[in-house]
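S.K.: this one's sequence-less:
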């Protein structure tokens with residue numbers, strides 16, 4: 001490790017200060033209010049959060065260290081085509097907010113998978129919960145590995161010592177502060193992430209000679225690409241895979257992932273949750289665009305001396321930390337601020353994952369099968385123990401994450417392989433009233449087997465992916481190792497691209513979509529073969545009236561036709577009557593309280609007057 005790529009004293013001071021603020025938020029909520037003594041407070045923040053912390057928390061949860069490290073590396077290596085994924089965000093937000101979210105609110109849940117029991121049975125609920133636990137634990141391991149990798153690169157700190165220290169700190173303050181601490185820490189972290197990112201961006205533009213120079217370098221280096229409309233699903237990135245395949249990847253996060261659903265349910269009403277989700281959208285797009293442009297800045301700096309080729313860094317995910325240390329080193333404390341942002345951003349992401357895992361296992365496993373009559377205090381203590389246990393498991397699985405390659409593709413690929421079939425299960429339940437429990441289980445298992453098969457096959461028979469060329473022609477003497485040998489790019493695939501090999505070459509952006517299709521087709525076929533559910537007998541609160549949402553102007557007879565026999569009209573009338581009843585009850589309570597207050601005031605007035613009169617006598 002070169003001496004000039006280490007932290008200075010002020011970097012460590014700022015680094016420690018940012019981490020202390022993050023931990024302090026956790027301690028504050030652990031020692032104030034209800035002191036996280038109930039499951040409602042620890043897991044659901046008393047359902048009293050506002051739209052601002054929820055929207056910022058939604059953004060921070062899945063756009064933290066993974067985005068900061070992975071997106072610039074993606075653009076540096078492959079070019080700007082990845083930016084098209086922003087279109088998928090614009091599809092995901094309204095779909096999640098108006099098709100999925102209302103059903104979760106209607107059911108008043110803590111665990112999103114409780115819905116599956118109401119729709120099917122407790123075994124489908126358990127299957128969904130265990131699938132989520134496996135997915136989220138692996139994802140947290142990737143998130144934990146990413147900032148540890150950055151710290152290892154720029155400070156020389158032992159990689160696994162960093163992993164263990166980050167994991168221990170995160171696990172500690174998650175069990176102390178509960179959901180309120182997690183969400184307000186997210187707010188702080190997202191502000192710091194933007195601050196660190198903008199500092200690197202602005203200084204990078206200045207140091208590289210301006211915006212036009214950076215774009216010109218990227219164009220000459222083959223990094224400006226936006227017109228790949230190839231319909232071939234085996235091509236890693238195209239407009240179609242990013243703009244439409246990405247919908248399924250991100251919908252598995254914003255639509256049905258427990259970590260996000262749990263945040264929606266921490267606000268008092270559906271409307272506030274939808275507002276928070278819409279405010280989250282520009283944050284998603286802006287963060288992605290900023291990180292993408294940073295990738296172009298990094299390419300402009302290293303276009304003639306690729307650090308990966310010359311072994312200055314071990315992986316592309318280390319490029320951004322290297323760039324920050326070399327570009328911002330002269331600004332005292334700024335490298336420490338940037339790396340603290342990556343570090344603490346990962347902390348908030350992991351902590352939200354730990355909290356959601358604790359909620360799922362508590363509600364869907366412990367209270368459902370083991371300790372059915374636990375008191376609220378005992379349940380809260382169990383949830384804290386669960387958070388601690390998952391923290392330890394996350395640290396252990398980081399050794400697996402180290403083998404998964406680039407952090408961005410590893411994270412998104414994971415949500416396609418596991419999140420896709422899980423999303424398919426919810427789509428089958430919410431949009432197809434004929435599905436029964438046998439079909440749901442068969443569809444989920446088949447979907448997981450097929451997508452895992454693709455994922456394992458892609459690791460064994462790695463598909464050929466074209467990379468634009470890099471150069472070491474401008475490297476100064478001493479920057480190239482003495483034993484360095486230039487390896488030319490392989491222009492042909494190492495395996496014949498036919499049969500199963502082509503199947504394994506399916507773009508990771510399409511795997512989630514493929515999983516959803518498999519789950520729905522298998523689920524419906526098995527349901528019809530084993531005795532499908534009659535739509536008229538299914539609780540309409542559990543089925544999404546999708547055509548009413550998408551085409552509200554359709555005549556009533558057409559809407560009723562597309563309801564497929566589900567009694568949505570009767571349910572809406574029941575909802576209207578229930579709202580009127582609650583409104584009347586609320587008005588009566590207010591009237592009663594006002595009458596009681598007047599009576600109390602009158603009594604006190606006459607009592608005091610009597611005392612004055614008696615004293616005068």
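M.R.: Noted; the coordinates are in hand. Computed from a predicted structure; not experimentally measured.
S.K.: name the helix or strand for the closest residue to residue 357 other than its chain neighbours, please.
M.R.: Spatial nearest neighbour of residue 357, chain neighbours left out: residue 390 (4.7 Å); criterion: Cβ to Cβ, 6 or more residues apart in numbering. For the C-beta atoms, the positions are set from N, CA and C on the backbone; glycine is no exception. For residue 390, the host element (DSSP states H and E) is helix 376-401.
S.K.: how about that helix: buried residues?
M.R.: Buried residues in helix 376-401, counted by 16 or more other Cβ atoms under 10 Å: 379-380, 382-384, 386-388, 390-391, 393-395, 397-398, 401.
S.K.: if we can go back for a sec, report pLDDT for the residue nearest to residue 357.
M.R.: What the model reports as pLDDT for residue 390 is 86.
S.K.: and the helix holding residue 390, what does it pack onto?
M.R.: Where contact means 3 or more Cβ pairs under 8 Å, 6 or more residues apart in numbering; DSSP states H and E, helix 376-401 is packed against helix 39-44, helix 122-155, helix 159-207, helix 334-361.
S.K.: okay if I get the ones you listed as a markdown table plus mean neighbour count?
M.R.: Converted to a markdown table, the helices and strands packed on helix 376-401 look like this (neighbours: other Cβ atoms under 10 Å):
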| stretch | mean neighbour count |
| --- | --- |
| helix 39-44 | 23 |
| helix 122-155 | 23 |
| helix 159-207 | 21 |
| helix 334-361 | 27 |
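S.K.: just tell me which of those helices ends up closest to residue 253.
M.R.: Closest of those to residue 253 is helix 122-155, at 9.7 Å (criterion: Cβ to Cβ).
S.K.: now find how far off-centre the closest one is within its chain.
M.R.: Mean-position distance between helix 122-155 and its chain equals 11 Å (Cα atoms, centre = their mean, to the nearest Å).
S.K.: shaky segments in the chain?
M.R.: Applying pLDDT under 70 to the chain flags residues 1-5, 33-35, 64, 149-151, 153-158, 345, 400-413, 477-499, 575, 586-617.
S.K.: where exactly do the strands run in it?
M.R.: In the chain, no segments count as strands under DSSP state E.
S.K.: the residue nearest in space to the middle of it and residue 253, how far apart?
M.R.: In the chain, the residue lying closest to the centroid (Cα atoms, centre = their mean) is residue 62, at 3.1 Å. The gap separating residue 62 from residue 253 is 6 Å, by Cβ to Cβ, to the nearest Å.
S.K.: of all the helices and strands packed on helix 376-401, which one comes closest to residue 235?
M.R.: The closest of the helices and strands packed on helix 376-401 to residue 235 is helix 122-155. By Cβ to Cβ, the value is 24.2 Å.
S.K.: you'd agree residue 97 is up against residue 278?
M.R.: Yes: counting by Cβ atoms under 8 Å, residue 97 does reach residue 278; the two are 7.0 Å apart.
S.K.: show me which of those two is the more surrounded one.
M.R.: residue 97 (22 against 13; other Cβ atoms under 10 Å).
S.K.: residues contacting residue 179?
M.R.: Residues near residue 179 by Cβ atoms under 8 Å, 6 or more residues apart in numbering: 41, 42, 43, 44, 45, 262, 266, 355.
S.K.: could you report the distance from it to residue 259?
M.R.: In terms of Cβ to Cβ, residue 179 sits 11 Å off from residue 259.
S.K.: need the residues touching each of those two.
M.R.: Overlap of the contact sets of residue 179 and residue 259 (by Cβ under 8 Å, 6+ apart) consists of residue 355.
S.K.: what sits against residue 62?
M.R.: Residues near residue 62 by Cβ under 8 Å, 6+ apart: 253, 259, 260, 349.
S.K.: Provide a ChimeraX selection command restricted to the buried entries of those residues.
M.R.: Selecting only the buried entries of the contacts of residue 62 in ChimeraX, with 16+ other Cβ under 10 Å as the criterion:
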select :253,259,260,349
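S.K.: take the contacts of residue 62 and lay them out in TSV including distance to residue 298.
M.R.: Converted to TSV, those look like this (distance: Cβ to Cβ, whole Å):
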residue	distance to residue 298
253	27
259	30
260	30
349	23
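S.K.: which of the contacts of residue 62 lies closest to residue 80?
M.R.: Proximity of those to residue 80 (Cβ to Cβ) peaks at residue 253, which lies at 23.3 Å.
S.K.: contacts only, for the residue nearest to residue 357.
M.R.: The neighbours of residue 390, taking Cβ under 8 Å, 6+ apart as the test, are 137, 140, 353, 354, 357, 358.
S.K.: repeat the analysis, applying 10 Å as the threshold.
M.R.: The contact partners of residue 390, taken as Cβ atoms under 10 Å, 6 or more residues apart in numbering, are 133, 136-137, 140, 171, 174, 350, 353-358, 361.
S.K.: can you check residue 58 too?
M.R.: Applying Cβ under 10 Å, 6+ apart, the residues near residue 58 are 93, 183, 186, 190, 253-254, 259-260, 263-264, 273, 276-277, 279-281, 283-284, 352.
S.K.: OK, contacts around residue 276?
M.R.: Counting by Cβ under 10 Å, 6+ apart, residue 276 touches 49-59, 97, 263-264, 266-267.
S.K.: oh, I was asking about residue 550
M.R.: Going by Cβ under 10 Å, 6+ apart, residue 550 touches 94, 95, 98, 99, 562.
S.K.: burial count for the third one?
M.R.: The burial metric for residue 98, expressed as a neighbour count using other Cβ under 10 Å, is 16.
S.K.: what's the answer for the first one, then?
M.R.: As a burial measure, residue 94 scores 15 neighbours (other Cβ under 10 Å).
S.K.: likewise for residue 331?
M.R.: When neighbours are counted by other Cβ under 10 Å, residue 331 registers 12.
S.K.: for it, grab phi and psi.
M.R.: Main-chain dihedrals, residue 331, degrees, to the nearest 10: phi -90, psi 100.
S.K.: please apply the same query to residue 227.
M.R.: Phi and psi for residue 227, reported as degrees, to the nearest 10, are phi -120, psi 30.
S.K.: check the one 10 residues further on too.
M.R.: For residue 237, the backbone dihedrals are phi -130, psi 130 (criterion: degrees, to the nearest 10).
S.K.: leaving out sequence neighbours, find the closest residue to it.
M.R.: Residue 237's closest residue in space is residue 81 (Cβ to Cβ, 6+ apart), at 5.1 Å.
S.K.: wouldn't the one you found be in contact with residue 222 here?
M.R.: No: between residue 81 and residue 222 there is no contact under Cβ atoms under 10 Å: 11.3 Å.
S.K.: and the residue lying closest to residue 268 once chain neighbours are set aside, how many residues sit next to it?
M.R.: Closest residue to residue 268 apart from its sequence neighbours, by Cβ to Cβ, 6+ apart: residue 47 at 6.1 Å. Using other Cβ under 10 Å, residue 47 is surrounded by 15 other residues.
S.K.: next: the one 10 residues further on.
M.R.: Applying other Cβ under 10 Å, we find 27 other residues in the vicinity of residue 57.
S.K.: residue contacts, it?
M.R.: 49, 179, 182-187, 189-190, 259-260, 263, 266, 276, 280, 348, 352.
S.K.: one step back: now the contacts of residue 550 in JSON lines, with distance to residue 540?
M.R.: Listed next are the contacts of residue 550 as JSON lines, based on distance: Cβ to Cβ, whole Å:
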{"residue": "94", "distance to residue 540": "22"}
{"residue": "95", "distance to residue 540": "20"}
{"residue": "98", "distance to residue 540": "17"}
{"residue": "99", "distance to residue 540": "15"}
{"residue": "562", "distance to residue 540": "13"}
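S.K.: ok, the closest residue to residue 261 other than its chain neighbours - contacts?
M.R.: Using Cβ to Cβ, 6+ apart and skipping residues adjacent in sequence, the residue nearest residue 261 is residue 112, 4.3 Å away. Shown in contact with residue 112 (Cβ under 10 Å, 6+ apart): 100, 103-104, 125, 128-129, 132, 255-262, 264-265, 356, 359-360, 363-364, 422, 426.
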